[in-house]
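**Student:** Need coordinates for the below:
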Amino acid sequence: MLVTFSRLRAGAISLLFLTPLAAPLATAPAAHAGASAPWVGSWTASATAAPPPELLDPGQPLVKGFKDQTVREIVHTSVGGGAVRLHITNAHGQHDLKVGHVTVGVPKGEAELAAAPLEATFRGARGVVIPKGGEAVTDPVPLRTAGGADLAVSIYLPEDTGPTTNHSLANQITYFSGTGDFAAQAGGQAFTDSGGNWFFLSGVDVRPDRATRAVVAFGDDLTDGFGADFNADDRWTDRLAARLRGAERPAAVLNEGVAGNRLLHDSPCFGANALARLRPDVLAQARVKAVILHEGMNDIGFGRMPDQGCFAPNRPATAAEIIGRYRQIIARLHARGVRVIGATLTPIAGSPFFSAAGEETRQKVNAWIRSGHAFDGHVDFDRAVRDPQHPQSLLEAYDWGDHLHPNAAGYQAMGDAVDLRLLG
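**Tutor:** Predicted structure coming up:
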């Protein structure tokens, strides 16, 4: 849905910089991996391109990139295991990406680590050159990680990266150093700046102690967690992962939400359309058993925005077009043996997206999702967060403040609305 970043210009976005906050200590190094179950993703972030410089201050790291700097990124795992490996991406780079040094460790607070991090190598080498459009996966790192724990990944970038491959809405602080390689340092003093994106890191796999499958949450702002608390890991996907761990149902939850994303149209700021994202964000993931699809509100609501910049093209979609795209996604996933769970679109009355015609479209789409025509089941996010007295609106206690995005309590209600039996 509608994304509001700092210093929003007409149809443009800017990078959100924030004051560093503390992150919890939740994992510990292991003497050896010791586990034999197949690798599975534990954390993911959909990789998108930096917006064009005319839509964003070109001095921002998102567009300017990094040169002879270290980036330290905090991620939250959904399942644990006896070893980890990291996915470093140059999917949207303008030239080859030179990675000089990568480490992974346990965060203590802000950019500080609990102990010296472990080296992550590439076929035994410290660094790697990733071709334009490519990805590199590190060798296994013997770091035992608990599900629901945080990891700190540090990437030293010795040469000019150019505009970054990134994930625009991390809801988590990422730290940038001054000049130099500080990937091996446990201290955080060298990391003098920070931002609200993840850079070049698209996945963390674990080798679990028992066979584990993955559930992919595929969607837009509400899956990405816009409106959730920063550094708190309280997206609906985090709540779902915690419920699965508590129920002792081994399943990773991989968040492939992209704020501002649409089913039908690409955006220079909000990524490729959902169908185009299906291969890299879902089909390329290991051991996926189910997908929860929650997308379509931006297709309806962007027609209320200026037809320029990030929001173009902005013709509002019809219910038939949205349902047609759902059918395409379902068919592709069913061909791979993956269950597809549809999630109803949440209410938006009072937001800039709302119109009578758009509400009629939302109701038609939700009726189709609930009907069971094509999905293997559905999650009623609409019912979970709407005001019973005013069902076109979010319940006030769940409203982040823009009448469009839920707050942390709303995301918990959405995570609680998922029937775990639907996931297989």
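
**Student:** Identify the residues contacting residue 316.
**Tutor:** Residue 316 is in contact with 299-304, 357-358, 361, counting by Cβ atoms under 8 Å, 6 or more residues apart in numbering. Every residue, glycine included, has its C-beta placed from N, CA and C.

**Student:** again, 10 Å this time
**Tutor:** 299-304, 353, 355, 357-358, 361 (Cβ atoms under 10 Å, 6 or more residues apart in numbering).

**Student:** Please spell out the ChimeraX selection for the buried subset of these.
**Tutor:** To isolate in ChimeraX the members of the contacts of residue 316 that are buried, counting by 16 or more other Cβ atoms under 10 Å, one can use:
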select :299,300,301,302,303,304,353,355,358,361
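
**Student:** The stretch 151-300 of the chain: helices as residue ranges?
**Tutor:** 221-224, 236-246, 274-278, 297-301 (DSSP state H, counting those that start in this stretch).

**Student:** Including distance to residue 192 and mean pLDDT, could these go into CSV?
**Tutor:** Below are the helices of the stretch 151-300 of the chain laid out as CSV (distance: least, Cβ to Cβ, whole Å; pLDDT from 0 to 100):
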stretch, distance to residue 192, mean pLDDT
helix 221-224, 27, 98
helix 236-246, 29, 98
helix 274-278, 34, 98
helix 297-301, 36, 96
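
**Student:** returning to that earlier point: any chance of JSON lines for the contacts of residue 316, columns distance to residue 183 and secondary structure?
**Tutor:** Converted to JSON lines, the contacts of residue 316 look like this (distance: Cβ to Cβ, whole Å; DSSP: H, G, I helix; E, B strand; the rest coil):
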{"residue": "299", "distance to residue 183": "41", "secondary structure": "helix"}
{"residue": "300", "distance to residue 183": "44", "secondary structure": "helix"}
{"residue": "301", "distance to residue 183": "41", "secondary structure": "helix"}
{"residue": "302", "distance to residue 183": "40", "secondary structure": "helix"}
{"residue": "303", "distance to residue 183": "45", "secondary structure": "helix"}
{"residue": "304", "distance to residue 183": "45", "secondary structure": "helix"}
{"residue": "353", "distance to residue 183": "42", "secondary structure": "coil"}
{"residue": "355", "distance to residue 183": "50", "secondary structure": "coil"}
{"residue": "357", "distance to residue 183": "52", "secondary structure": "helix"}
{"residue": "358", "distance to residue 183": "47", "secondary structure": "helix"}
{"residue": "361", "distance to residue 183": "49", "secondary structure": "helix"}
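
**Student:** The helices of the stretch 151-300 of the chain: which one's closest to residue 153?
**Tutor:** Checking those against residue 153 by Cβ to Cβ gives helix 236-246 as the closest, at 18.2 Å.

**Student:** Which strands and helices lie in contact with that closest one?
**Tutor:** In terms of contacts (3 or more Cβ pairs under 10 Å, 6 or more residues apart in numbering; DSSP states H and E), helix 236-246 is packed against strand 69-76, strand 213-219, helix 221-224, strand 251-257, strand 288-294, helix 381-385, helix 408-416.

**Student:** CA atoms only: put the fourth one into PDB for me.
**Tutor:** What it means is strand 251-257. What follows is strand 251-257, C-alpha atoms only, in PDB (Å, rounded to 0.1, in the frame of the first residue of the first chain):
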ATOM      1  CA  ALA A 251       8.600 -24.400   9.200                       C
ATOM      2  CA  ALA A 252      10.600 -21.400   8.200                       C
ATOM      3  CA  VAL A 253       8.700 -18.200   7.300                       C
ATOM      4  CA  LEU A 254      10.300 -16.200   4.500                       C
ATOM      5  CA  ASN A 255       9.100 -12.600   4.100                       C
ATOM      6  CA  GLU A 256       9.000 -11.700   0.400                       C
ATOM      7  CA  GLY A 257       7.000  -8.500   0.800                       C
END
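
**Student:** quick one: buried residues of that strand?
**Tutor:** Buried, per 16+ other Cβ under 10 Å, within strand 251-257: 251-257.

**Student:** just to revisit the earlier point, looking at the contacts of residue 316, which is nearest residue 342?
**Tutor:** Nearest to residue 342, judged by Cβ to Cβ, of these is residue 299 at 14.8 Å.

**Student:** wait, isn't residue 101 in contact with residue 158?
**Tutor:** Yes. In this structure, residue 101 is within contact of residue 158 by Cβ atoms under 10 Å, at 8.2 Å.

**Student:** Need the overlap of contacts for the two.
**Tutor:** By Cβ under 10 Å, 6+ apart, the residues touching both residue 101 and residue 158 are 70, 127, 181.

**Student:** now the residue lying closest to the last one once chain neighbours are set aside: how far from residue 335?
**Tutor:** Translated: residue 181. If the residues on either side of it in the chain are set aside, residue 181 comes closest to residue 156, at 4.2 Å by Cβ to Cβ, 6 or more residues apart in numbering. Separation of residue 156 from residue 335 (Cβ to Cβ, to the nearest Å) stands at 41 Å.
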